[in-house]
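sequence and predicted structure, then a few things I'm wondering about:
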Amino acid sequence: MENKAADGSKLTDVVVIGGGATGCGLAWDLALRGLEVALVERGELASGTTGRFHGLLHSGARYAVSDPVTAGECYRESLILRRVAKAAVEDTAGLFVFGDGDDGAYLEQWIAGCRRAGIPITETPMAEAHLREPALHAGIKRAFLVPDAVCNSIALCASLGRGAQSCGARMLTFHRCNGIKIRNRRVTGVNVTDVRTGTSSSLSCRMVVIAAGPWSGRIAKEAGVDLSLDLVRGAMIAFRGSAVRGPVSRLQPPGDGDIILPRGKMSIAGTTSVVTDDPDDRRVDEWELELVRKQIGAFISGLSDIQMAHAWAGVRPLYSAGQSAGITKKLDSHSWTRDFTVLNHESRDGLSGLISIVGGKLTSFRLMAEKTADAVCQALGNSEPCRTASTGIS
């Protein structure tokens, strides 16, 4: 293919906007398929939502009742990531615990949902559960071992970036996208600024993919595309010391303050779910800290005696195709789908050369990237298969 743009500048096959797990995973996937790729990220890799999550590599068990599609995806993808991203994943396994006052009907739905999704769960005698997690509250009556794990998202994106670069991709960190270039209803490139030097430049390309998480709507709007996302801010607390040895979740419908997991010499507890309109909303309100402490304390003992090291928040970008934000916001944000959608803006909006990937979870980033890369390759006439499920990164 001709590698020059109409103005004589170098023509890149694909520009990926966003350096979180999905954007980095997409750059890796496309580069493995032989395409020339440039990734644009306004900060460091994983400096957005990816770097601000709690660290759980989901088995899918959390969504076995509320979101069975996502549950199955998470389980299958978690198995792949254990193989290909070993340096970023700690295979701890985890517990879902059921205690006084919890809903027995939901417990039965959860067991059935895990079976339907193919998620292996094993009820563990309480004596063994307490040996595994000595801090379990005395009120816990049943415990189930699930294949949860802990993921270091910063290390993950660093590995993905190295993998993409080794295949020829350019990782333009600290470059802000200032707009998408369009000519005759076709995307021709992006304008970027190096935020460290203030130098502006232009990248010409055949295709642009927006993989910017909660900022995707703003970037799409600059291209004249309406992309409505439901943004949810979640707060997390880091406690000093190891309160748990693996992820422990309360066996109830997804809610505030129902998970705690180990991260190095700390324990991370969360999370809340607050609807916001600002992708840069990183507030943590006092009521969130109190609520998380209270809720976690219902199944983990001694938390009130552990010092809080710090707290932070990240904004989750959720998307429900065919459902307006106004309708969605009438529902409990915990029930909003965590599934993902690949949007081809040529068929959707009459703007060729632009694709967006929206929704999803960190656990499913590789699958999100694969499906997005499939759409890109179809548009560009590339028939190379996806290799990320069998290619390791270090």
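Alright, I've got the coordinates.

what's near enough to touch residue 17?
Residue 17 makes contact with 23, 39, 40, 177, 190, 208, 209, 210, 211, 212, 219 under the criterion C-beta atoms under 8 Å, 6 or more residues apart in numbering. Heads up, the C-betas are built off the backbone N, CA and C, glycines and all.

apply 7 Å and report the result again.
For residue 17, the residues meeting the contact criterion (C-beta atoms under 7 Å, 6 or more residues apart in numbering) are 40, 177, 190, 208, 209, 210, 211, 212, 219.

wait, residue 208 sits on residue 188?
No: because the distance of 9.0 Å does not satisfy C-beta atoms under 7 Å, residue 208 is recorded as not touching residue 188.

out of the two, which sits in the busier spot?
Neighbours of residue 208 and residue 188, each counted by other C-beta atoms under 10 Å, are more numerous for residue 208; the result is 28 against 20.

which residues sit in contact with the more buried one?
15, 17, 180, 187, 190, 353, 354.

ok, 10 Å please
12, 14-17, 40, 177, 180-182, 187-190, 219, 223, 345, 353-356, 376 (C-beta atoms under 10 Å, 6 or more residues apart in numbering).

tell me the first helix or strand C-terminal of the helix or strand in which it is found.
Using DSSP states H and E, the secondary-structure element containing residue 208 is strand 200-210. Downstream of strand 200-210, the first helix or strand assigned by DSSP H and E is helix 216-222.

so for that following helix, what's the average pLDDT?
Helix 216-222 carries an average pLDDT of 95.

and what of stretch 191-200?
The average pLDDT within stretch 191-200 is 97.

restricted to strands, list the contacts of residue 208.
Counting by DSSP state E, the part of these found in strands is 12, 14-17, 40, 177, 180-182, 187-190, 354-356.

count of neighbours near residue 350?
The number of residues packed near residue 350 is 10, by other C-beta under 10 Å.

which one is it nearest to, not counting chain neighbours?
residue 185 (6.1 Å; C-beta to C-beta, 6 or more residues apart in numbering).

who touches the one you found in this structure?
For residue 185, the contacting residues are 224, 346, 349, 350, 351, 352, 353, taking C-beta under 10 Å, 6+ apart as the criterion.

ranking these by neighbours, who comes first?
Neighbour counts for those peak at residue 353, which has 24 neighbours (criterion: other C-beta under 10 Å).

any idea how far residue 210 is from the nearest residue to that residue once chain neighbours are set aside?
Closest residue to residue 353 apart from its sequence neighbours, by C-beta to C-beta, 6+ apart: residue 187 at 3.4 Å. Distance of residue 187 to residue 210, computed by C-beta to C-beta, to the nearest Å: 10 Å.

quickly list what's touching both of those two.
Taking C-beta under 10 Å, 6+ apart as the contact rule, residue 187 and residue 210 both touch 15, 180, 223, 345, 354, 355.

adding neighbour count and distance to residue 385, write the residues you listed out as TSV.
Compiled in TSV, the shared contacts of residue 187 and residue 210 are given as follows (neighbours: other C-beta atoms under 10 Å; distance: C-beta to C-beta, whole Å):
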residue	neighbour count	distance to residue 385
15	27	22
180	23	29
223	21	30
345	21	25
354	24	24
355	24	19
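
one step back: need the overlap of contacts for residue 208 and residue 188.
180, 181, 182, 353.

of the residues you listed, closest to residue 299?
Nearest to residue 299 among the shared contacts of residue 208 and residue 188: residue 180, at 47.2 Å, using C-beta to C-beta.

so where is the chain shaky, pLDDT-wise?
Under the criterion pLDDT under 70, the flagged ranges of the chain are 1-9, 321-338.

all helices for it, in order.
Defined through DSSP state H, the helices belonging to the chain, from first to last, are 21-32, 68-84, 104-117, 126-132, 153-166, 216-222, 286-296, 325-328, 345-349, 365-380.

which of residue 187 and residue 210 has more neighbours?
Neighbour count, other C-beta under 10 Å: between residue 187 and residue 210, residue 210 has more, with 29 against 22.

with adjacent residues omitted, what lies nearest to that one?
Residue 210's closest residue in space is residue 356 (C-beta to C-beta, 6+ apart), at 4.3 Å.

look up how far residue 97 lies from the one you found.
Distance of residue 356 to residue 97, computed by C-beta to C-beta: 38 Å.

next one: residue 50
Shown here: residue 50 relative to residue 97, a distance of 28 Å by C-beta to C-beta.

tell me which of those two has more neighbours.
Per other C-beta under 10 Å, whichever of residue 50 and residue 97 has more neighbours is residue 97, with 26 against 23.

ok, that one - contacts?
Contacts of residue 97 by C-beta under 10 Å, 6+ apart are 124, 126, 129, 133, 136-137, 139-144, 248-252, 298-300.

buried ones only from those residues, please, as a PyMOL command.
What follows is the PyMOL syntax selecting those of those that are buried according to 16 or more other C-beta atoms under 10 Å:
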select buried, resi 124+129+133+136+137+140+142+143+144+248+249+250+251+252+298+299+300
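
please, where are all the strands along the stretch 201-350 of the chain?
Secondary structure of the stretch 201-350 of the chain, counting by DSSP state E, counting those that start in this stretch: strands at 230-240, 248-250, 259-263, 266-270, 274-276, 308-318, 340-344.

which stretch among these comes nearest residue 70?
Each of the strands of the stretch 201-350 of the chain was checked against residue 70 via C-beta to C-beta, and the shortest separation belongs to strand 340-344, namely 8.6 Å.

quickly note the distance from residue 55 to residue 175.
Computed with C-beta to C-beta, the distance linking residue 55 and residue 175 is 27 Å.

between the two, tell me which one has more neighbours.
More neighbours surround residue 175 than the other of residue 55 and residue 175, with 25 against 19 (other C-beta under 10 Å).

in the sheet, who's paired with the more buried one?
Under the criterion DSSP bridges, residue 175 forms beta bridges with residue 194.

pretty sure it is touching residue 190, no?
Yes: the pair formed by residue 175 and residue 190 meets the contact definition of C-beta atoms under 10 Å, at 9.5 Å.

between the two, what contacts are shared?
Shared contacts of residue 175 and residue 190 (C-beta under 10 Å, 6+ apart): 17, 38, 40, 201, 203.
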